[in-house]
Every structure is written in C-alpha cells, then in structure tokens.
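Asker: Below are the sequence and a predicted model for it; my questions follow.
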There are 2 protein chains.
Amino acid sequence: MNIGIIGLGLMGGSLAKAVKRYGISKKVYGFTNSEKNKKEIEELGLVDELVDLETLKKVSDVIILSIPVDAIISMFPNFLDIDEKTTIIDMGSTKEYIVKNIPTKIRKNFVAAHPMTGTERNGPKAAMDNLYEGKTVVLCDLEDNANFHVNKAFKIFQEMGMRIVVMNSHEHDVNACYISHLPHLISFSLANTVMSHQNPKEIIALAAGGFKDMSRIAKSSPRMWGDIFKQNRENMLLSIKYFEDQMNEAKKMIEDERYEELEDWMKRANSLHEIL
Amino acid sequence: MNIGIIGLGLMGGSLAKAVKRYGISKKVYGFTNSEKNKKEIEELGLVDELVDLETLKKVSDVIILSIPVDAIISMFPNFLDIDEKTTIIDMGSTKEYIVKNIPTKIRKNFVAAHPMTGTERNGPKAAMDNLYEGKTVVLCDLEDNANFHVNKAFKIFQEMGMRIVVMNSHEHDVNACYISHLPHLISFSLANTVMSHQNPKEIIALAAGGFKDMSRIAKSSPRMWGDIFKQNRENMLLSIKYFEDQMNEAKKMIEDERYEELEDWMKRANSLHEIL
C-alpha cells in the first residue's frame, strides 16, 4: 500500500520515518501548505515525494492527517470525493468533536486515532526515529467504520509496534484531558508564574530536574494547544475545577498548619505510582 | 580530612559515594537512627564505618546533615560541644528558618547549603553515583561563618564538580519555593486529581511522557516535604496564590472562549525556555 501524510511535523514526520523503516508503505507521499516546511521536509528526506493535495488523494491507499485539530475539521470538504477504498486516519489529540463533524459520506472511511506520544517540539525537524514504538494509540468509535478501513488502521499501528486501545470518543476526551491536556495547562501556568516574578532569571538559575520536568511541556505550540483546549473545552473546565480543588485543599492545610493531614494527602498522591 | 554524614538516604548516600570517589575524605563515617537503613547502608558499602553520634562528632573534621529539615533543627543541641575546628554543613531544602535557629555558640561552624539536585526516590538504595556532578549548590549567609569553615565547604563542593552560588537565606527560600517547592505541591495536586477520578486506572493506562514528567515528583517523601512546606510556609502561600492566578486566568479565557488571548498567554509561557 501507499501512505500519504498531510502535515509533516513531529507526529507526521515521525510517522513517515516509521512506515518507511518497517516497510509498511511502498511509497510515502506528503502534503503541506507551508513553504518553510516543504524545504525542511525535502532536506530531511522525510517522504518519497511531496505532492499537491489532489495527487495525494489519488495515489494514497491511506491518508493520515497529522495537523492541528481545527485544521483536521477544515479539511473535511476536501475528502468528500475520496475513493471508497481509501482510508483516512486522523491523529488529533481530541476525538469527540472531530468524530461528530466527519461528513456522513466519508464516515465509514475515517478512522479516529490518537497516538499517546509526543514531545514539546514541533515542525519537520522535530521528527524522531522511534516516536511510536512501544507506545499506545487510542482508536475511537470504530462501530461507525467499515471493517476494511479499521483493519488497515490496525495493521499500520501494529506493524509500527504500537499497543492499540479502543474506546468511545467521549471517554477518550475525558481521559486525554486528565492525562495530557490538563497537565499541559498546568505546565503553561507554572512557567507563567515564574516568568511573572520580578527575578525570573535568578530563580531559573537554580532549576534542577524537578522544575525542568514540570516546565518541559510549557514549550509546546500555542497554536496547536489553543485548538485542543477549544475542542475539549467542557472536560478542560471540569478537570481544572478538580485540580483547583486539590491545590486549594493543600493551601488550606498549609495555612491552618495541619501538616499531618497534608502528609496523608501527599501519601494519596504517592499511590498514583503503584499503578503508573 | 574525615567526613561524617548524618542521614544516608538519596542525598547523604550519594554524597558518601562522591567524597570517596574524588578522594575528598580519607575516611567516610556515617550515622543513622534507622535500623532498617543501617542494614542497607552496610550492604551497599556506602560508608567506611557506621558509628554512634558521639564517635562521629569526635572523628569527623566535617559533619554533613542530610536529613529532613525539621530533623536538622532537632539535632542542634547535639552539636553545642563540638570542637571549634569542626565544620557542620546542612543540606536542607529550606534555609531561612534553619539559619535563624542555629545556636549562637556554633553559628560560625555551621555552613547552610542546598544542593539543587535530587530525584523522587529516598533511602540508602536511592543513592546515586553522579547526583552532584555539574549541579548547583546554594550557600547562604556566609558572613556569619568563620572563613575556615566556609573554605572547607567550598573545597568539598568544588572537588565534587559543583557550581557554587551564594545568596542570603531569604532570597534562597523565595527562589527555591518557585523552582522546587511549588512544583512539588503542583505535582502532588495533579496526582491527587487523577487518583480522585472515578476511573484512575483507565486514565493512567494512557499516560505518556508529559504526564510521567508532571507526576514524577509526586512520588517524593511526604514526611520530608511536609517539613519543607512548613518551614517555607509564607513563601509557599504566596507562590500558590500567584500560580492560582495564572490557572484562573487560563480557565476564564477558556470559559469565555477568548482563544487568541489564550495563545498569547501560552506564548509568554514558551519564553521561559529562552532562559532555561
């Protein structure tokens, strides 16, 4: 089969590397709107050929969308004339809003996926050799797909060495909110707390592993994350509330000097690592 | 010189390894109250000899306290009869409260230090070969020490390959709050947010790098961190307030669907990494 990848940044570029290395795709085609990225993709040799969108639609057995979640939605009209044998897979970080908006005509072709992997970097130069191996990919609402397309998606992700988890798109968005979207907002907030201080440089000069870990994902793309927070707005607002409740509980225990209760509260947090 | 280390967990155990490897100490003595730890320290061969406290005080040219910050304060009375040539160095994560409480009689001997390094693990088995190399150590309020003792502390940390930064204990506590203490409380809060959810296991099954980084330090010792939050209470309460302000600003922008402003707010967070 031939795979066409739309968007060749961290996710799409790494996917191009993986499907080539494992011989999953005979040829790998790419499409991007960005002139700057085109140059980088060619220099890095990420795909066999960069083509225009109409060509990519014709030559690809599977089209993979690795672009920001709002851009996925904007592209839907382009796929209305797709061949019924062509599989489309999106790799967006949100699923419910995307799935709800897939045009009926291509619903059977369109497999909603979210690979649980990434880094804080973006763009073609961020593409990595082993981004997907051993990681989890969530596939959603497969009952709305034709088996032919589901099987192709399974085959690709399995041959890349991924663990496949199936759930409905609503469950996905709740879980992804707690495991990824909320942590990103927290990391952005921590970075802004330090940057708003009168002496950020003096503080940051003392940064060790803990702070570096906690602030790493605050380097992520604002454009991409704005779209994710928008599409997962309701779950975000609820999860922020629960997180604020925890912070507030801790703050009150420190205020009231209830340190034994604070220790018990931290012990509960420790228990996360019995299952992680 | 001979070094005696009180407390041989992650920090003290790793220090024992470092001063032996670099030949800084002729002999390394250790003291611990914990029978469980005694056995592990001996099995791991962390020190040349475990001794009682009175022996350690007599045979050590430098005594290093690598125990929780409240335990440091409780030990002060034990050092009132120390020889005037004996240097004491504490490695606690808070400094102002400790420095204020050092008995006048031993104030000149007592060098307040905070090595900006660590992991979420604790106990003798957490001791590492290269915990200190290339890392920063903050020394505080050195004007209250005799030069003789300051010079010994400098020599030890420099020969371990550390970068020495000098500041007053109040500045240290403010900076350490933002760079370490607040991030720990945030990580505990995030872990508890997920653990309080109805399906923590289902959520955690999707954990990738971002969540693992953000929750790693939530594995830290509740006993140790309770003492730190207590001793740095005022700075903690203020930094929590500033962090809550940032979270709240982000929440309101999501609530009001002001996504362009949210993007600008994330761009500010990105700028942290221009100086980190």
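Answerer: Looks like it arrived, so ask away.
Asker: what about residue A:46, neighbour count?
Answerer: Using other CB atoms under 10 Å in any protein chain shown, residue A:46 is surrounded by 25 other residues. C-beta coordinates here come from the backbone N, C-alpha and C atoms, glycine included.
Asker: again with residue A:17
Answerer: 21.
Asker: Mind telling me what element it is part of?
Answerer: Residue A:17 belongs to helix A:10-21 when assigned by DSSP states H and E.
Asker: Pairing partners for the helix or strand following that helix, with directions?
Answerer: In the C-terminal direction, the helix or strand that comes right after helix A:10-21 (DSSP H and E) is strand A:28-31. Sheet pairing here is set by DSSP bridges, and for strand A:28-31 it gives strand A:3-6 (parallel), strand A:49-50 (parallel).
Asker: Can you pull out the residues in contact with strand A:28-31?
Answerer: A:2-8, A:12, A:16, A:19-20, A:41, A:46-53, A:55-56, A:59-60 (CB atoms under 8 Å, 6 or more residues apart in numbering or on different chains).
Asker: filter these to the buried ones?
Answerer: Buried subset of the contacts of strand A:28-31 (neighbour count, 16 or more other CB atoms under 10 Å in any protein chain shown): A:2-8, A:12, A:16, A:19-20, A:41, A:46-48, A:50-51, A:53, A:56, A:60.
Asker: If you count contacts, what does the longest helix seen in chain A end up packed against?
Answerer: As assigned by DSSP state H, the longest helix anywhere in chain A is helix A:233-255. Using 3 or more CB pairs under 8 Å, 6 or more residues apart in numbering or on different chains; DSSP states H and E, the elements in contact with helix A:233-255 are helix A:182-195, helix A:259-270, helix B:182-195, helix B:233-255.
Asker: Out of those, which gets nearest to residue A:64?
Answerer: Proximity to residue A:64 (CB to CB) singles out helix A:182-195 among the helices and strands packed on helix A:233-255, at 23.0 Å.
Asker: After the closest one, heading C-terminal, what element do we hit next?
Answerer: Immediately after helix A:182-195, counting by DSSP H and E, sits helix A:200-204.
Asker: Say whether chain B is contacted by that following helix.
Answerer: Yes: judged by CB under 8 Å from any CB of the partner chain, helix A:200-204 comes into contact with chain B through A:200, A:201, A:202, A:203, A:204.
Asker: Is it possible to mark the buried ones in the residues you listed?
Answerer: Here, 16+ other CB under 10 Å leaves A:200, A:202, A:203, A:204 buried among these.
Asker: Tell me how far the third one lies from residue A:215.
Answerer: Residue A:203 sits 11 Å away from residue A:215, taking CB to CB, to the nearest Å as the criterion.
Asker: Also residue A:225?
Answerer: 15 Å.
Asker: pretty sure residue A:149 contacts residue A:109?
Answerer: Yes: in terms of CB atoms under 8 Å, residue A:149 counts as a neighbour of residue A:109; the distance is 5.5 Å.
Asker: Mutual contacts of the two, please.
Answerer: With CB under 8 Å, 6+ apart as the test, residue A:149 and residue A:109 both reach residue A:87.
Asker: Could you pull up the residues touching the residue of the stretch 1-150 of chain A found nearest chain B?
Answerer: Closest contact between the stretch 1-150 of chain A and chain B, by CB to the nearest CB, is at residue A:116 (4.4 Å). Going by CB under 8 Å, 6+ apart, residue A:116 touches A:135, A:136, A:137, A:138, A:176, A:179, A:180, B:206, B:207, B:208.
Asker: what residues does the stretch 51-200 of chain A put near chain B?
Answerer: When proximity is defined as CB under 8 Å from any CB, the stretch 51-200 of chain A approaches chain B at A:116-119, A:135-136, A:138, A:165, A:171, A:174-176, A:178-180, A:182-197, A:199-200.
Asker: Please check those residues and keep the buried ones.
Answerer: For those, buried by 16+ other CB under 10 Å: A:116-119, A:135-136, A:138, A:165, A:171, A:174-176, A:178-180, A:182-195, A:197, A:200.
Asker: hey, where'd the helices end up in the stretch 51-200 of chain A?
Answerer: A:53-59, A:69-75, A:96-101, A:147-159, A:169-176, A:182-195, A:200-204 (DSSP state H, counting those that start in this stretch).
Asker: so residue A:148 touches residue A:85, yeah?
Answerer: Yes: the criterion here is CB under 8 Å, and residue A:148 meets it with residue A:85 at 7.5 Å.
Asker: Check the spacing between residue A:258 and residue A:118 real quick.
Answerer: For residue A:258, the distance to residue A:118 - CB to CB - is 39 Å.
Asker: and residue A:199, what pLDDT?
Answerer: pLDDT recorded at residue A:199 is 89.
Asker: Got phi/psi on the spatially most central residue of chain A?
Answerer: Residue closest to the mean C-alpha point of chain A, counted by CA atoms, centre = their mean, is residue A:93 at 3.9 Å. For residue A:93, the backbone dihedrals (degrees, to the nearest 10) come out as phi -80, psi -10.
Asker: quick one: it and residue A:228 touch, right?
Answerer: Yes: between residue A:93 and residue A:228 there is a contact under CB under 8 Å: 5.0 Å.
Asker: Next, show the common contact partners of these two.
Answerer: Contacts common to residue A:93 and residue A:228, judged by CB under 8 Å, 6+ apart, are A:69, A:181.
Asker: so where's chain A shaky on pLDDT?
Answerer: Regions of chain A meeting the criterion pLDDT under 70 are absent.
Asker: Which parts of it belong to which domain?
Answerer: A:3-167, A:172-275 (automatic domain parsing).
Asker: May I have the residues that are in contact with residue A:81?
Answerer: Counting by CB under 8 Å, 6+ apart, residue A:81 touches residue A:57.
Asker: Closest one to residue B:248 out of the buried ones among the residues of helix A:200-204 next to chain B, please.
Answerer: For those, the nearest to residue B:248 is residue A:200 (20.2 Å; CB to CB).
Asker: Now for the closest one: which residues touch it?
Answerer: Contacts of residue A:200 (CB under 8 Å, 6+ apart): A:194, B:272, B:275.
Asker: wait, which of those residues is closest to residue A:243?
Answerer: residue A:194 (18.5 Å).
Asker: That closest one touches residue A:203, doesn't it?
Answerer: Yes: counting by CB under 8 Å, residue A:194 touches residue A:203, with 5.7 Å between them.
Asker: so how many other residues sit close to the closest residue to residue A:248 other than its chain neighbours?
Answerer: Once flanking residues are discounted, residue A:248 sits nearest to residue B:244: 7.8 Å by CB to CB, 6 or more residues apart in numbering or on different chains. Neighbours of residue B:244 under the rule other CB under 10 Å: 16.
Asker: I'd guessed residue B:244 sits against residue A:247; true?
Answerer: Yes: here residue B:244 reaches residue A:247: they are 6.4 Å apart, a contact under CB under 8 Å.
Asker: Residue A:6 against residue A:62, yeah?
Answerer: No: judged on CB under 8 Å, residue A:6 makes no contact with residue A:62 at a distance of 11.3 Å.
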